[in-house]
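Chemist: need a structure here:
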Amino acid sequence: MVKEAAKEVKKSKRLENRFSAIMEGGDADEEEELAESDVEEEEEVEEIDDLDMDELAQGMAMDPEDARMFALFSGRKPSAATLSGSGGDVMKSLNDVILEKIMQHERKVVQGQVDAKELTKEEAFEKVRASLNPKVVEAYTLIAKLLKHYSSGKLPKAFNIIPALSNWEEILWLTRPDEWSPAAVRAATRVFASNLNHHLAQRYFTLVLYPRVRENIDMHKKLNWHLYMALKKSLWKPDAFYKGILLPLCESGDCTLKEATIIASLIKKVSIPAAHSAVALYKIAQMPYSGPNALFIGVLLNKKYALPYEVVDSIVEHFMRIREEKETPPVLWHQALLVFAQRYKNELTGEQKDQLKSLIRQHTHHLITPEIRREMLASRNREDDPNAPIQYQDETTKKRKPKKEIKPSFALPGQVPSSHHDVDEDGDEDNAMEE
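Modeler: Model prediction:
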């Protein structure tokens, strides 16, 4: 872009100079000067062409951590270079896994060399094709063309038997999963989620489904309906879903709130076994705070699972880590803490409640913090008797005396009418009611 702009500016200047010279009626000497200036300007443009644009970009680049935070703030996914520079882990796709396997095989074959030759994607694809039967390669190459434009209907039988193969990753790579249509991803997820065990299903979710979902959200700022239904099908294997999609998303460090909101809506709708969700909550609670993590914690807590005490304690520790921060946490943190107080206030010990009370005194929200305090006070402790009644005591209000019982001065059915001058407990005389 810089080169093209420089050329356009130089060209427009030359045209203006020649036009002004012609209109003023210049002689041959002026035309020679204009020609010499044209040659000098062309040399300057060539010098601009010779500039190393990478060096200019490096000189203008911001700090990797600042670039990652700016990308998350603007709602887009940071690049792989930004993540690698900030210490984050780059998620691997099926292509990367196949390339690593081929490179490992090359290093084993060529033992005399220290480093094997690095392969490109096309070279690795050709090596996979050469190692398989030509008929198999031809069949799955045709299936790849079919899945690229697939919209509905039955999948080929040759595709349905892929989960039963020992080298299913190499065969699946022949079908080019990165070029599948969204409807093909949904149909393939249904096949793999129902025929693979938890471990292999997790591999499929991590290598195929997870990159496609994030790429689609990053490109269109929303998720395709077929990919959303593919995520719903992946919940047939909740263990594989959490390990292959949710936890890698939380650990990536570049998850946007848009991605977290879409996947959290799916978790909110679908019924998931409590044991798998408890493990996922425990894992997320061990991670540092982030907006998407707080959103996932709030959604999972709001499903009202009977969580083990270890998970409850880990969530308390997760909230207490923010005590070291001087800045006020965002609203998502307060909302997650409110949900935790509403659902699990009776599962907390007295010491944990005191810690949380001191925490909300340090980090307050004008609307949410009073509700959290009210939930904490109107609850029993973990060590208390579960059958004992809950006594609500507010720290800010004083105890009031019960109101006096007003005795009627007239006779009710079955009662003896009171005298005209009754004396109450305080010693004050009550005047009789006049008829």
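Chemist: Contacts only, for the closest residue to residue 357 other than its chain neighbours.
Modeler: Nearest non-adjacent residue to residue 357, counting by CB to CB, 6 or more residues apart in numbering: residue 376, 6.2 Å away. Backbone N, C-alpha and C define where each C-beta goes, glycine included. For residue 376, the contact set (CB atoms under 8 Å, 6 or more residues apart in numbering) comprises 341, 345, 353, 356-357.
Chemist: helix/strand/coil for residue 381?
Modeler: coil (DSSP: H, G, I helix; E, B strand; the rest coil).
Chemist: Which residue comes closest to residue 257 once chain neighbours are left out?
Modeler: Looking at residue 257 with CB to CB, 6+ apart, the closest residue is residue 291, at 5.6 Å.
Chemist: and of the contacts of residue 376, the nearest to residue 269?
Modeler: residue 341 (24.1 Å; CB to CB).
Chemist: State the pLDDT value of that closest one.
Modeler: Note for residue 341: predicted pLDDT of 94.
Chemist: With the one 10 residues further on instead?
Modeler: Model confidence at residue 351, given as pLDDT, is 92.
Chemist: Ok, the one 3 residues further on next?
Modeler: Note on residue 354: pLDDT of 93.
Chemist: how many other residues sit next to the residue nearest to residue 257?
Modeler: 17 (other CB atoms under 10 Å).
Chemist: Offset the numbering so it begins at 29, please.
Modeler: All right, first residue 29 from here; so that's residue 319.
Chemist: For it, give me its contacts.
Modeler: By CB under 8 Å, 6+ apart, the neighbours of residue 319 are 285, 288, 358, 360.
Chemist: gap between it and residue 388?
Modeler: Going from residue 319 to residue 388 by CB to CB, to the nearest Å gives 19 Å.
Chemist: Residue 334 now?
Modeler: 25 Å.
Chemist: The two: which is more packed in?
Modeler: Neighbour tally, residue 334 and residue 388, criterion other CB under 10 Å: the higher count belongs to residue 388, 20 against 8.
Chemist: Give me the residues contacting stretch 221-230.
Modeler: Outside stretch 221-230, the residues that reach it (CB under 8 Å, 6+ apart) are 191-192, 196, 220, 232, 261-262, 264-265, 267-268, 271-272.
Chemist: Mind listing what's buried along it?
Modeler: 221, 224, 228-230 (16 or more other CB atoms under 10 Å).
Chemist: Stretch 263-278 now?
Modeler: Result for stretch 263-278 [16+ other CB under 10 Å]: buried residues 263, 265-278.
Chemist: For that stretch, measure first residue to last.
Modeler: 17 Å (CA to CA, to the nearest Å).
Chemist: what bits of this protein have low per-residue confidence?
Modeler: For the chain, residues meeting the criterion pLDDT under 70 lie at 29-153, 156, 419-463.
Chemist: got the domain boundaries for it?
Modeler: 30-90, 301-423 (automatic domain parsing).
Chemist: Restricting to C-alpha, output stretch 331-350 in CSV.
Modeler: The C-alpha trace of stretch 331-350 is given here as CSV (Å, rounded to 0.1, in the frame of the first residue of the first chain):
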residue,chain,number,x,y,z
LYS,A,331,-27.3,-24.8,36.6
LYS,A,332,-27.6,-25.5,40.4
TYR,A,333,-25.5,-28.6,40.5
ALA,A,334,-24.8,-30.4,43.8
LEU,A,335,-21.1,-29.6,43.8
PRO,A,336,-18.5,-31.3,46.0
TYR,A,337,-17.0,-29.1,48.8
GLU,A,338,-13.6,-29.2,47.0
VAL,A,339,-15.1,-27.4,44.0
VAL,A,340,-16.8,-24.8,46.2
ASP,A,341,-13.6,-24.1,48.0
SER,A,342,-11.7,-23.7,44.7
ILE,A,343,-14.3,-21.2,43.5
VAL,A,344,-13.9,-19.2,46.8
GLU,A,345,-10.1,-19.1,46.2
HIS,A,346,-10.7,-18.0,42.6
PHE,A,347,-12.7,-15.0,43.8
MET,A,348,-10.3,-14.2,46.6
ARG,A,349,-7.4,-13.9,44.1
ILE,A,350,-8.8,-10.6,42.9
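Chemist: list the contacts for residue 292?
Modeler: Applying CB under 8 Å, 6+ apart, the residues near residue 292 are 323-324, 327.
Chemist: contacting residues for the residue lying closest to it once chain neighbours are set aside?
Modeler: Excluding its sequence neighbours, the residue lying closest to residue 292 (CB to CB, 6+ apart) is residue 327, at 4.5 Å. Going by CB under 8 Å, 6+ apart, residue 327 touches 292, 295-296.
Chemist: Same list (these) but as TSV, adding distance to residue 175.
Modeler: TSV is the format used below for the contacts of residue 327 (distance: CB to CB, whole Å):
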residue	distance to residue 175
292	29
295	28
296	31
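Chemist: Just the CA atoms of the helix or strand encompassing the residue nearest to residue 385, as PDB, please.
Modeler: When secondary structure is defined by DSSP states H and E, residue 404 falls within helix 396-405. C-alpha atoms of helix 396-405 as PDB (Å, rounded to 0.1, in the frame of the first residue of the first chain):
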ATOM      1  CA  ILE A 396     -24.800  -5.900  43.000                       C
ATOM      2  CA  THR A 397     -22.800  -5.700  46.300                       C
ATOM      3  CA  PRO A 398     -25.900  -5.100  48.500                       C
ATOM      4  CA  GLU A 399     -27.500  -8.200  47.000                       C
ATOM      5  CA  ILE A 400     -24.400 -10.300  47.700                       C
ATOM      6  CA  ARG A 401     -24.300  -9.100  51.300                       C
ATOM      7  CA  ARG A 402     -28.000  -9.900  51.800                       C
ATOM      8  CA  GLU A 403     -27.500 -13.400  50.500                       C
ATOM      9  CA  MET A 404     -24.600 -14.000  52.800                       C
ATOM     10  CA  LEU A 405     -26.400 -12.800  55.900                       C
END
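Chemist: hang on, the earlier thing: which ones among the contacts of residue 292 are found in helices?
Modeler: Counted as lying in helices by DSSP state H, out of the contacts of residue 292, are 323-324, 327.
Chemist: Nearest to residue 393 among these?
Modeler: Nearest member of these to residue 393, counting by CB to CB, is residue 323, at 16.4 Å.
Chemist: Who are the contact partners of the residue lying closest to that closest one once chain neighbours are set aside?
Modeler: Excluding its sequence neighbours, the residue lying closest to residue 323 (CB to CB, 6+ apart) is residue 288, at 4.8 Å. Taking CB under 8 Å, 6+ apart, we find residue 288 in contact with 277, 319-320, 323-324.
Chemist: And those residues, which two are furthest apart?
Modeler: Checking the contacts of residue 288 with CB to CB, the most distant pair is 277 and 319, at 12.5 Å.
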